[in-house]
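Undergrad: from the sequence below, what's the structure:
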Amino acid sequence: MHAPHRLLAADARPHLFRVSTLRRVAQNVHTRARNTESPSPLPPTFRSFYRLFLRATSASVLAHPQATSRLRHLWRPIFDDAARAVRQVESDSLSTDQRAAVMRWYTQWEDRMDNTISLLCSSATSRGLPHRITHNLQQMALVNCTVRDPLRPPKRSWRGQLPPNSTEYQRKPKKPQTPTQTELYALFRTTPRLLGEIVGMAESWGRLSLGRTCRRH
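TA: Coordinates of the predicted model:
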């Protein structure tokens with residue numbers, strides 16, 4: 001098995017792999033033939049950058065399969081937004097000012113993702129703060145998939161031997177909340193907001209991206 005740092009090619013450093021996808025798309029948007037029935041594939045530079053990011057996430061957690069999957073799931077919405085920006089530039093529906101705004105956003109996105117890949121590379125080669133960050137991020141993603149609203153009734157499995165109108169399937173009346181339940185519910189509602197503010201401050205300070213997650217209810 002290869003060492004984690006060897007999963008990233010020596011010449012695939014983030015600063016050398018910085019893409020200028022939108023500029024190339026904007027230059028060719030009026031000269032390239034379009035297929036109106038199906039969207040054209042994303043530019044090769046964007047796809048190569050995404051493949052590099054996938055390799056970096058795997059190396060950052062020492063190629064652990066479950067942790068790799070959770071990290072990639074965290075950052076997938078970030079790349080979806082960037083892909084939509086590329087599609088917007090490819091379309092003719094944007095004005096000149098709108099196209100320039102999208103290109104400015106994409107340039108900032110490139111800078112943030114360059115710094116993010118640098119963080120992942122550091123996590124692959126050291127056991128310091130970058131490695132603790134990636135470890136905590138994948139643990140947070142795991143908890144987010146399992147946590148549920150404490151006030152929601154427990155899910156009941158269907159039992160075929162009971163009639164459809166059985167009392168087992170009837171909703172039971174709500175009991176008054178105990179002080180402990182009220183405190184747990186308030187904590188359940190405020191924790192994501194507080195955690196989101198902390199992650200947002202860390203992203204602004206480091207000029208990078210730490211992914212995006214949505215709580216399941």
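Undergrad: centre-most residue in the chain?
TA: residue 75 (2.4 Å; C-alpha atoms, centre = their mean).
Undergrad: that one sits in which helix or strand?
TA: Here residue 75 sits within helix 65-90, counting by DSSP states H and E.
Undergrad: state the mean pLDDT of that helix.
TA: Taken as a whole, helix 65-90 carries a mean pLDDT of 92.
Undergrad: excluding chain neighbours, give the residue nearest to residue 54 in space.
TA: residue 72 (6.3 Å; C-beta to C-beta, 6 or more residues apart in numbering). From N, CA and C alone the C-beta is placed, and that goes for glycine too.
Undergrad: ok, so what distance separates that neighbour from residue 43?
TA: 21 Å (C-beta to C-beta, to the nearest Å).
Undergrad: list the buried residues for the longest helix along the chain?
TA: Counting residues, the longest helix in the chain under DSSP state H turns out to be helix 96-125. Neighbour counts over helix 96-125 (16 or more other C-beta atoms under 10 Å) mark 99, 102-103, 106, 109-110, 112-124 as buried.
Undergrad: and if you look at stretch 182-202?
TA: Those buried within stretch 182-202 under the rule 16+ other C-beta under 10 Å are residue 199.
Undergrad: downstream of the longest helix of the chain, the next helix or strand is which one?
TA: According to DSSP H and E, the helix or strand after helix 96-125 is helix 129-146.
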